[in-house]
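K.L.:
Turn this into a structure:
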Amino acid sequence: MGSDLFGSFAESSCAALVICSQLPTFYNNSSYILYPVMIMAISIPFCMICSVLVVFAAKAEDYDGLSNALKV
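P.N.:
Numbers count the residues shown, from 1 in each chain. Sure thing, here's the model as predicted:
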């Protein structure tokens, strides 16, 4: 990830955790805070799978080829 995308991802993750922790139902069931964490954890393998698919399916050998494959 680029630094700007990583910053946006981190900020939105923190915001989701703060909003989730302020829910009135959170005080009765603390497992609600795991929902944003679960979404973040699931997105990591999907990102890796998509990166591998782009490299092998588009046969991108260098940065320019990878950039062109992502723009399609």
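K.L.:
going forward, measure contacts and count neighbours with C-alpha atoms only.
P.N.:
Noted.
K.L.:
Which residue ranges of the chain form helices?
P.N.:
Listed in chain order, the helices of the chain (DSSP state H) span 3-21, 34-57, 63-71.
K.L.:
will you turn these into CSV that also has distance to residue 28 and mean neighbour count?
P.N.:
As requested, these are exported to CSV (distance: least, Cα to Cα, whole Å; neighbours: other Cα atoms under 10 Å):
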stretch, distance to residue 28, mean neighbour count
helix 3-21, 11, 13
helix 34-57, 14, 12
helix 63-71, 44, 12
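K.L.:
By mean pLDDT, show me the worst of those helices.
P.N.:
The minimum mean pLDDT among the helices of the chain belongs to helix 63-71 (a mean of 70).
K.L.:
Need the residue in the chain that's farthest from the chain's center.
P.N.:
residue 28 (28.3 Å; Cα atoms, centre = their mean).
K.L.:
could you measure that one against residue 21, distance?
P.N.:
To residue 21, residue 28 is 11 Å away according to Cα to Cα, to the nearest Å.
K.L.:
what's near enough to touch the residue nearest the centre of the chain?
P.N.:
Residue closest to the average C-alpha location in the chain (Cα atoms, centre = their mean): residue 43, at 4.6 Å. For residue 43, the contact set (Cα atoms under 8 Å, 6 or more residues apart in numbering) is empty.
K.L.:
roughly how far apart are it and residue 16?
P.N.:
Separation of residue 43 from residue 16 (Cα to Cα): 15 Å.
K.L.:
again, but for residue 9
P.N.:
Relative to residue 16, and taking Cα to Cα, residue 9 is found at 11 Å.
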